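Engineer: Turn this into a model:
(one chain, ligands or ions: 1)
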Amino acid sequence: MIRYHNFSRKIGIFISICFLFFMIGRVTTMGHSIDKGNVPFVLSGNRVLMIVIDGLRPDYITPIIMPNLSIFRKNGFSGQNHHAVYPTSTRINSASIATGTYPNKHGLLNNSLYLPVVNIDHVLNTKKISDLLLIDKFTNGRLLTTVSLGEILQNRDRKLFISSSGSSGSAYLLNHKPGTGTLLHREIILPDSLASVVEKLLGPVLEETKRPLVKTVRRSVDAILKIGIDIINADVIIAWITEPDGTAHSEGIGAPLTIEALKFVDNEISRIIDGLQVRGILKSTNIIIVSDHGFSTRIGEKSISSLLIDHGLKSDKSSTDVIIANDAIYVNEHKEEIIPKIVRLLQKTSWIGPIFTRGNNSTSNMGWIPGTLSFSTMMWDHERSSDILTAGNWSDASNKYGFKGVVSLPGVAGHNSTSPYDIKATFLASGPDFKSQTKQQT
Ligand SMILES: [Zn+2]
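Structural biologist: Just a heads-up that it's a prediction; the model follows:
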C-alpha cells in the first residue's frame, strides 16, 4: 500500500543553488571585492565550467548507467544534500542558478506565471523566450528582480558563455541582460554578430523530435568546446544539457529510453572532459556538475484545476475567476471569502500535499489560513506570489523499474513537488579549487 506523507514540519530549502553560485564566486575571485549585488568575491585565474544536467536524479549515477560520472564523483567532490529550490521546476531553478537567490528574490516563481500586468487573461509560459521578453517589457526590465551572474561578471570584465540545449526560456534566464556575455541556443544567438561563426563551426540547427535529443545535445556540447573555449575563451561557462529530463517526462524514470538518454549524456560528459584535456586546460578548469531538480513517477488521475471545477470553485478550464499556473492558485481580486474555501477543499483531498499561503506577518512560518504554511518557509514570498501554492502528495513507493518516489498528480513522470525525490539534486565538482575524493553533507 502506498503511504502518503503529510507535510507537517517546517521545511527550509538549503542554500544549494546559492551555494553553487557563491562557489563560482569563490573560485573566480581572489583579492578583489565586488559591490554590485552585495556578492563578495575574489577572482582567480581558473576557468569555471558548470554543467547542468536537466532532471538528473543522484541515484541515476551508477557504474553501469553512467560510468564516467561515477568515476568523476568518486575522484572529485560531491555534495550529499544538494537541493533544488522550491517549486522544483526547471525555470525557477534556472533563475536561481543565474542569480544565486531563491524565488523570493528573483521573482521567477514558477514554470508558468500569472502576471496581470502582462496578460490579465492568460498564464505566461516561461519556456518561451517570447513570453519572457513580454514580462521584461511590461515590468520595465524586471524579468528577474535581482542582479544576475552575467551582470556581476561583466562588472569584473570576466566573460560568461552559455550553451543550452534546453528550452529557449531556461536558456535566456541564465543570462537575461543583453550585452552581458554570450548565449548560444538553437533559437537564440546573443550577440547575433556570432551567427555566421556559429553556423560555420557547428553547422545548421537540425530539427529533432525523437527522444532522446541526441543531435541537439551534441551540438550544444560542441559549442562549449569550439566556441566557448576556442573562440570566446570564457572565464565562466554554463552548459545546459536538456536530457534526461524530456525523455523521463514522456517515458518514465528508469524506462529503457531514459536509460539510453542517461548513457548518452554520460558519453557527452566524457567528450567535454576529453576536449578540455586535448586543449591542455583540464587541470586549470573547475568543473561543477549539477542538476536543477530530481524526478518522481506520477500516479495521479486528477489535476488541481479539475478538482476546483468539480467542486464549483472555478467556473471552467479557461475561466479567470480562479487561475492556476502549475501548482499556484490565483483568485481574482484575492477574494478573501473564496481563498479559505479552496484551502479547505485542498486540505480534505488526500492526494494534495502541503499548502502554502501568505504569512500572518513577515516572519511567521504559518500562513494566514489555519493549517497552511507561509510562503516564506519556502522562500517564495514575493509581490508576484499567488494566493495559494500547493503540490501533489508523495510517497516512497517504487515504480516498475525500481526507482523510488511517486507523486499523486497526472502524467508519466515529473517534478515540482516537495517530495525529496524531486528536491534532492546532483552536485559534483572537480578541479584545482576543489578537494578530491571528498563527500560532504552539503
Ligand atoms: Zn529541469
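
Engineer: which of the residues in stretch 132-148 are buried?
Structural biologist: Residues 132, 134, 135, 136, 139, 143, 144, 145, 146, 147, 148 are the ones in stretch 132-148 that count as buried (16 or more other Cβ atoms under 10 Å). The C-beta positions use only the backbone N, C-alpha and C, and glycine is treated the same way.

Engineer: What parts of the stretch 151-300 of the chain come near the ion?
Structural biologist: 245, 292 (Cβ under 5 Å from the ion).

Engineer: any chance you could map the helices in the stretch 151-300 of the chain?
Structural biologist: Applying DSSP state H, counting those that start in this stretch to the stretch 151-300 of the chain gives helices spanning 168-173, 195-202, 214-223, 245-251, 256-278.

Engineer: Mind telling me which residue of this protein is nearest the ion?
Structural biologist: residue 90 (3.1 Å; Cβ to the ion).

Engineer: Can you pull the residues of the stretch 1-150 of the chain lying near the ion?
Structural biologist: 54, 55, 90.

Engineer: Quick check on the residue nearest to residue 392 when sequence neighbours are not counted: phi, psi?
Structural biologist: Spatial nearest neighbour of residue 392, chain neighbours left out: residue 409 (3.8 Å); criterion: Cβ to Cβ, 6 or more residues apart in numbering. Main-chain dihedrals, residue 409, degrees, to the nearest 10: phi -120, psi 160.

Engineer: Neighbours of residue 409, how many?
Structural biologist: By other Cβ atoms under 10 Å, the residues close to residue 409 number 24.

Engineer: on that earlier part again, secondary structure added to the residues of the stretch 1-150 of the chain next to the ion, as a markdown table?
Structural biologist: Converted to a markdown table, these look like this (DSSP: H, G, I helix; E, B strand; the rest coil):
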| residue | secondary structure |
| --- | --- |
| 54 | coil |
| 55 | coil |
| 90 | helix |
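
Engineer: of all the residues you listed, which comes closest to residue 180?
Structural biologist: residue 90 (21.6 Å; Cβ to Cβ).

Engineer: just checking, which of the buried residues of stretch 132-148 belong to helices?
Structural biologist: 132, 134, 135, 136 (DSSP state H).

Engineer: ok, back up a step: want to throw the residues of the stretch 1-150 of the chain next to the ion into CSV with neighbour count?
Structural biologist: Shown next, in CSV, are these (neighbours: other Cβ atoms under 10 Å):
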residue, neighbour count
54, 26
55, 31
90, 26
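
Engineer: Show me which of the helices of the stretch 151-300 of the chain has the highest average neighbour count.
Structural biologist: Highest mean neighbour count among the helices of the stretch 151-300 of the chain (mean count of other Cβ atoms under 10 Å): helix 168-173, with a mean of 26.

Engineer: just how off-centre is it within its chain?
Structural biologist: Distance of helix 168-173 from its chain centroid, counting by Cα atoms, centre = their mean, to the nearest Å, is 11 Å.

Engineer: swap in stretch 393-411?
Structural biologist: That offset, for stretch 393-411, works out to 20 Å (Cα atoms, centre = their mean).

Engineer: What of stretch 134-141?
Structural biologist: 22 Å.

Engineer: Mind checking the pLDDT average for it?
Structural biologist: What stretch 134-141 shows for mean pLDDT is 96.

Engineer: Run through who's touching that stretch.
Structural biologist: The contact list for stretch 134-141, computed with Cβ atoms under 8 Å, 6 or more residues apart in numbering, reads 113, 115, 117, 118, 119, 124, 142, 143, 176.

Engineer: Swap in 7 Å and give it another go.
Structural biologist: Stretch 134-141 is contacted from outside by 115, 117, 118, 124, 143, using Cβ atoms under 7 Å, 6 or more residues apart in numbering.

Engineer: returning to that earlier point: okay, the residue nearest to residue 392: pLDDT?
Structural biologist: In this model, residue 409 carries a pLDDT of 94.

Engineer: likewise residue 31?
Structural biologist: Confidence score, pLDDT, at residue 31: 30.

Engineer: any low-confidence regions in the protein?
Structural biologist: By pLDDT under 70, the weakly predicted segments of the chain are 1-44.

Engineer: go with 90
Structural biologist: 1-45, 80-81, 178-180, 209, 360-363, 435-442 (pLDDT under 90).

Engineer: Identify the structural domains in it and state their residue ranges.
Structural biologist: With domains defined by automatic domain parsing, the chain comprises 15-106+148-297+420-440, 304-398.

Engineer: Highest mean neighbour count out of these?
Structural biologist: For the domains of the chain, the highest mean count by mean count of other Cβ under 10 Å goes to domain 15-106+148-297+420-440, at a mean of 20.
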